[in-house]
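Trainee: With the sequence up front, the predicted model follows.
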Amino acid sequence: MKTKLLIALSTLFLFLMPVSTFGLSINLGTAADFVLFTTVGAVGNTGISQLTGNVGTNSGSSTGFGNVNGEMHSSDGATATCTSDLLIAYNQLNSAVSTFSHAPLLGDGETLVPGVYAIAGNSKLDLNLKLDAKNDPNAVFILKIGGTFSSNVNSGIVLLNGAKACNVYWKVEGLVSLASGTSMKGTVIANNAAITINSGATLEGRALSIVGAVNITNVLAYTPIGCGSPTLNGPKAPVLATTGNYALFTAKGTLTNSGISTIKGDVGSNLGLTTGFDALNVTGIVHSIADGSTAQCAIDLLGVYSTLNLLAYDIELLYPAQFGNNLVLTPHTYLLNGSTVLTDSLYLDAQGNADAVFVIQVTGAFATGTHAKVLLINGAQAKNVYWKVDGAVSLNDFSVICGTIICNNGAVQITTGATINGRVLTTNGSFATTAITVLNSSNIQTGLNSTDVNATNVLSITPNPFRSFATITITDPSKINSYNLKIYNTLGKLVVDTKVTEQSMTLKTGNLQSGIYFYRVSDNNKTIQSGKLISQQ
């Protein structure tokens, strides 16, 4: 009798242990590289979606996609391998022994601990579902849904106490339909059914189907970080040598300025006059005529160009004329094989790696629209961004560019109000500027970090950039109802003023226009954290 009781208690103990204790791990193989994939069916996009990760189908068409921060694959070796790997991952999930049964409705503020959850039929997500890792970095959540899975508008998954999207899995035996504004976390695998993700939804994870179309509309979707995913360092940065001293330079051609331009760094030409720069507004040397410095810079510039030109690209952005439009890039070497126009905003996301390098190769002319801008997020630094342009460069009024632009055999024009956080150099071509600002320093860091705090982090706001809503999470539950969050626009106008009433709460942000915002967290009227946020509407 005692033996039977001991066995029963041991079984109960094992049943209640977190699933991660058993070392449960789902092997996605190459499927981990895809943010959207189907083995059989079409993958399609409507509107402008921001995707990080590969997109593909092993048997079907891909339509409507603009620039993707990943590779597009259709019926090739990569999709064939992904098909096999996805089936293996599905079988692992399917055979995982359930530790909990759950009712069809998910969310409504409930909290789940790590485990394998079985839902017999169709399921729906409403409001927020919280996944609490209990401070276990390896905690795994598996939700096995025996029918369809859908979500209500603005519902979401909230990760608590170290939970990671890369450790969340959804095995669905039917149609997956995520409503507008849904914040989804984890890898979703639909078996023999389609996946639809509607406008304004955010997916930190993957949407993968075994036979079924995958269609999205105006979404932000990105493969999760962690769980063995590689740290992105980008390519090795070129050695700037003496070119690092210059803010503006042409090896052959005139360099002229009109209006009041403020420059940090040297300006000059190695073959042509340099005119119009007021030495009082230049923190550096104005090389009015060629000298030893400009001669050496011309030599070093060819070396920098050669280094960037010989880099093999990781990702080709297929639509150079549609560059920008809130595209998010991560540390890689990118190719734009044609004349390129930067419109609206481009985000460079270092994923927390302050040393990460970005290289953007443009085979053709490069221009920016008025007010176009490059924004650095999550630790990205201007000193680690490089642009190689084989053609003319035209940076138009009030545009903001981060990084070093190396122009080969092309003229350069930078017009009123433009700001360069870096430098612009050309191997051959006339160079004209009008009332601009250039900040040339190896220590430049003008980007926007996810936290960018001036005190210990007590609160996180994710995702950043955000769309229809953001999740506010505090580290200390005792501070519920103590912290106050205020968000301001760039004009200093208060646009959000709220108490933090839960350890993890949802803030609706659909009314905030696209742009940069600043936030402050106060406790007892004392500011304890501040930072910058980005709205992508």
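Mentor: That came in fine, so what should we check first? Residues are numbered from 1 along each chain as shown.
Trainee: Pull out the buried residues from stretch 362-369.
Mentor: By neighbour count on 16 or more other CB atoms under 10 Å, the buried set for stretch 362-369 is 362-363, 365-369. Just so you know, the C-beta spots here come from the backbone N, C-alpha and C atoms, and that holds for glycine as well.
Trainee: Turn these into JSON lines, columns for secondary structure and distance to residue 237.
Mentor: Below are the buried residues of stretch 362-369 laid out as JSON lines (DSSP: H, G, I helix; E, B strand; the rest coil; distance: CB to CB, whole Å):
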{"residue": "362", "secondary structure": "strand", "distance to residue 237": "18"}
{"residue": "363", "secondary structure": "coil", "distance to residue 237": "21"}
{"residue": "365", "secondary structure": "coil", "distance to residue 237": "24"}
{"residue": "366", "secondary structure": "strand", "distance to residue 237": "20"}
{"residue": "367", "secondary structure": "strand", "distance to residue 237": "25"}
{"residue": "368", "secondary structure": "strand", "distance to residue 237": "23"}
{"residue": "369", "secondary structure": "coil", "distance to residue 237": "28"}
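Trainee: and the residues you listed, which two are the farthest apart?
Mentor: Using CB to CB, the buried residues of stretch 362-369 span at most 19.9 Å, a distance reached by 363 and 369.
Trainee: For the stretch 1-150 of the chain, which segments count as strands?
Mentor: Counting by DSSP state E, counting those that start in this stretch, the stretch 1-150 of the chain has these strands, from start to end: 34-38, 43-46, 50-52, 54-57, 62-63, 72-74, 100-101, 105-107, 111-112, 115-119, 123-126, 128-132, 141-145, 149-151.
Trainee: which secondary structure elements does the last one contact?
Mentor: When contacts are defined as 3 or more CB pairs under 8 Å, 6 or more residues apart in numbering; DSSP states H and E, strand 149-151 sits against strand 123-126, strand 176-178.
Trainee: Could you export those as TSV, including distance to residue 349?
Mentor: Below are these laid out as TSV (distance: least, CB to CB, whole Å):
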stretch	distance to residue 349
strand 123-126	27
strand 176-178	23
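Trainee: ranking these by burial, who's on top?
Mentor: strand 176-178 (a mean of 22; mean count of other CB atoms under 10 Å).
Trainee: and that one, which strands flank it?
Mentor: strand 149-151 (parallel), strand 195-197 (parallel) (DSSP bridges).
Trainee: For those strands, please prepare TSV with the additional fields mean neighbour count and mean pLDDT.
Mentor: Output for the strands paired with strand 176-178, formatted as TSV (neighbours: other CB atoms under 10 Å; pLDDT from 0 to 100):
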stretch	mean neighbour count	mean pLDDT
strand 149-151	25	97
strand 195-197	25	98
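Trainee: Any chance of a markdown table for the ones you listed, columns distance to residue 181?
Mentor: Shown next, in a markdown table, are these (distance: least, CB to CB, whole Å):
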| stretch | distance to residue 181 |
| --- | --- |
| strand 149-151 | 9 |
| strand 195-197 | 11 |
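Trainee: And the contacts of stretch 288-308?
Mentor: 238-243, 245-246, 249, 251-252, 266, 268-275, 285, 287, 359, 361, 386, 388, 406, 408, 425, 427 (CB atoms under 8 Å, 6 or more residues apart in numbering).
Trainee: One more pass at 6 Å, please.
Mentor: 238, 241-243, 246, 249, 251, 268, 270, 274, 287, 386, 388, 406, 408, 425, 427 (CB atoms under 6 Å, 6 or more residues apart in numbering).
Trainee: which one of the buried residues of stretch 362-369 is nearest residue 337?
Mentor: Using CB to CB, these come closest to residue 337 at residue 363, 4.9 Å.
Trainee: who's in contact with that closest one?
Mentor: Residue 363 neighbours (CB under 6 Å, 6+ apart): 337, 390.
Trainee: mind running it again at 8 Å?
Mentor: 335-338, 390-391.
Trainee: before we move on, the earlier item: next, format the helices and strands packed on strand 149-151 as TSV and append distance to residue 460 and mean pLDDT.
Mentor: Below are the helices and strands packed on strand 149-151 laid out as TSV (distance: least, CB to CB, whole Å; pLDDT from 0 to 100):
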stretch	distance to residue 460	mean pLDDT
strand 123-126	22	97
strand 176-178	23	98
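Trainee: Point out where the protein drops to low pLDDT.
Mentor: 1-23, 441-456, 490-491 (pLDDT under 70).
Trainee: Walk me through the domains of it.
Mentor: Domains of the chain are assigned by automatic domain parsing as 18-222, 241-439, 459-535.
Trainee: CSV please, covering the ones you listed and showing distance to residue 234.
Mentor: Below are the domains of the chain laid out as CSV (distance: least, CB to CB, whole Å):
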stretch, distance to residue 234
domain 18-222, 13
domain 241-439, 3
domain 459-535, 20
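Trainee: Columns distance to residue 25 on top of the contacts of residue 363, output as TSV?
Mentor: Listed next are those as TSV, based on distance: CB to CB, whole Å:
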residue	distance to residue 25
335	35
336	38
337	39
338	43
390	46
391	48
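Trainee: Buried ones among those residues?
Mentor: Using 16+ other CB under 10 Å, the buried ones in the contacts of residue 363 are 335-336, 390-391.
Trainee: Okay, and which of these map to strands?
Mentor: Cross-referencing the buried ones among the contacts of residue 363 against strands under DSSP state E gives 335-336.
Trainee: what two of the buried ones among the contacts of residue 363 have the greatest distance between them?
Mentor: 335 and 391 (14.0 Å).
Trainee: wait, residue 466 sits on residue 519?
Mentor: No. Between residue 466 and residue 519 there is no contact under CB atoms under 8 Å: 11.4 Å.
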